[in-house]
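>>> Any chance you can model this:
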Amino acid sequence: MITPWLFDIFNYPWSTDARKFDTDGCQDLYDWHFDSWVLAEEVGFEGIFFSEHHYTPYSVSPSPNLLVAALAKRTSRMRLGVMANIVPMHNPRRLAEEFAMLDYLTNGRLEVGLGRGIDEREYAREGIPMEETRPRFEEGLRLIERMTADPVFTHSGTYADFQQTSMWPQALPGRSAPWITATSPATVAWCAENGYRISTAFQPTSKLRQAHDTYRAAAKKAGHPSGPDSVMALRNVFVADTDEEARAIAEPALNHMFGLFKESVVFSDLDNIPEGYSSEFYESFFRPFAGSGPVDWQTLVDLGIFIVGSPSTVRESLIKQAHDLGTSNILMWGSFGTLTKEQTLHSYKLLGQEVIPALRDETVA
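Coordinates of the predicted model:
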């Protein structure tokens, strides 16, 4: 089975001038996005992941665990999580406590997603040197796991120290291994060696296949699960009645979204990648999204990053990618940029009627 997941980063679709922030529009944005997430459960999505970003119209969910808590009471089946909570931006003790609370608020439907983060501007505003993000991430992850597993835990590290301490409430037993957002080869291998599931994004199908192959080889060597259910691929997905209509709607929406992405996420100087991040990898990773003009639509479609079209086009493309990537988890970024409520809901309904059933009937070896 190819498991269909939904992703919503919650872009702000209007002026990027904070002095012109539209509070009424933002209220409507929250209201209809919640309606779309409830619909996602009705049409058959397995679950939904939100995203964390700060100081940017790229996302109006700086505290996405609140969305999980709120949506938990409007849904009953769908799994709920964040892809990802950015560990170095937080006190990991607080994250572990929130996850435990969300275990109960979701009645055991929580999916934990964690990441190191690559947003240079966000870390600069927090006063966190980029070279500290990996040690903060790895130590924070160890603390979260210890708090989750041990009723009385001890942790001695560089950034936190706890002696014979307990968390209240305790986490529910049996929670699945966390998802980790992994982009660089080093992080992919590290996740595999430590038994974490990975989610990958924004790379051509051929590059993601290499990443998944790296993961499977390292996981198998370490004695951890390495099957198609251990990896997930994020793609921008939009469906309309015809290929032509889908492109006419999605192209300007994606251009708005990637304009925000460039300003928020892409490193400011690709020739001088921050210390602690692979210069060779990230220079190549961000290059397709750099520059002052819009992204090249056809290039990103050809690379498999955009999957946009009629139900049959999208269905065939998603099934092919799942097999090419060796993954049974497809994370669909289904509402982005300037897409409206009507456009988003229609796309989700078409996905539910004509795409998701076929995905669930498909087996990935």
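>>> Helices of the stretch 151-300 of the chain, residue ranges please.
With DSSP state H, counting those that start in this stretch applied, the stretch 151-300 of the chain shows helices at 185-193, 205-222, 243-264, 279-286, 297-302, listed in chain order.
>>> Just the buried residues of the first one, please?
Along helix 185-193, the positions that meet the burial threshold by neighbour count (16 or more other Cβ atoms under 10 Å) are P185, T187, V188, A189, W190, C191, A192. Yep, even glycine has a C-beta here, placed from its N, CA and C like the rest.
>>> Closest to Q321 out of these?
V188 (17.8 Å; Cβ to Cβ).
>>> Can you check the pLDDT for that closest one?
V188 carries a pLDDT value of 94.
>>> cool, and F289?
At F289, pLDDT is 63.
>>> repeat for the one 3 residues further on
If you check S292, the pLDDT there is 63.
>>> start at 47 instead
Yes, from this point I'll number from 47; that puts the last item at S338.
>>> wait, isn't H100 in contact with P108?
Yes. Here H100 reaches P108: they are 4.9 Å apart, a contact under Cβ atoms under 8 Å.
>>> Neighbour count: the two, which is higher?
Taking neighbours as other Cβ atoms under 10 Å, H100 and P108 compare with H100 leading, 19 against 15.
>>> Assign the more buried one to helix, strand or coil.
What DSSP: H, G, I helix; E, B strand; the rest coil gives for H100 is coil.
>>> chain center to stretch 371-381: distance?
10 Å (Cα atoms, centre = their mean, to the nearest Å).
>>> Over to stretch 132-142?
17 Å.
>>> The spatially closest residue to F382 that is not a sequence neighbour: what's it in contact with?
Leaving aside its sequence neighbours, F382 sits nearest to M303 (Cβ to Cβ, 6 or more residues apart in numbering; 4.4 Å). The contact partners of M303, by Cβ atoms under 8 Å, 6 or more residues apart in numbering, come to N57, Y104, F382, G383.
>>> out of those residues, which are inside strands?
Under the assignment DSSP state E, the contacts of M303 contribute nothing to strands.
>>> Just among the residues you listed, which is most surrounded?
Highest count within those by other Cβ under 10 Å belongs to N57, 26 neighbours.
>>> so what's that one up against?
P103, Y104, S105, V106, H302, M303, L306, F382, G383.
>>> Just confirm F96 contacts A115, I think it does.
No. With contact defined as Cβ under 8 Å, F96 does not reach A115; the gap is 11.0 Å.
>>> between those two, which one's more packed in?
Remark: of F96 and A115, F96 carries more neighbours, 27 against 16, as counted by other Cβ under 10 Å.
>>> Looking at strand pairing, list the partners for that one.
Here F96 sits in beta bridges with D54, V128, going by DSSP bridges.
>>> so what pLDDT did it get?
98.
>>> biggest strand in this protein, by residue count?
strand 277-285.
>>> Just the C-alphas of that strand, formatted as PDB.
What follows is strand 277-285, C-alpha atoms only, in PDB (Å, rounded to 0.1, in the frame of the first residue of the first chain):
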ATOM      1  CA  VAL A 277      11.000   6.600   4.200                       C
ATOM      2  CA  MET A 278       8.700   9.300   3.000                       C
ATOM      3  CA  ALA A 279       8.800  11.700   0.100                       C
ATOM      4  CA  LEU A 280       7.300  15.200   0.000                       C
ATOM      5  CA  ARG A 281       5.900  16.600  -3.300                       C
ATOM      6  CA  ASN A 282       3.800  19.600  -4.200                       C
ATOM      7  CA  VAL A 283       0.500  18.000  -5.500                       C
ATOM      8  CA  PHE A 284      -2.500  19.700  -7.000                       C
ATOM      9  CA  VAL A 285      -5.400  18.200  -9.000                       C
END
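>>> All the strands of the chain, residue numbers only.
49-54, 93-96, 125-128, 131-132, 156-157, 159-161, 199-202, 207-211, 225-227, 243-246, 277-285, 352-355, 375-379.
>>> residue closest to the middle of this protein?
M129 (3.6 Å; Cα atoms, centre = their mean).
>>> I'd like to know how far that one sits from V114.
Going from M129 to V114 by Cβ to Cβ, to the nearest Å gives 11 Å.
>>> Which residues are in contact with each of those two?
Counting by Cβ under 8 Å, 6+ apart, the residues touching both M129 and V114 are F96.
>>> okay, and the helix or strand of the chain with the least pLDDT?
None of the helices or strands of the chain scores lower by mean pLDDT, DSSP states H and E than helix 325-332, at a mean of 58.
>>> isn't I55 right up against H99?
Yes. I55 lies in contact with H99 (Cβ under 8 Å); the separation is 7.3 Å.
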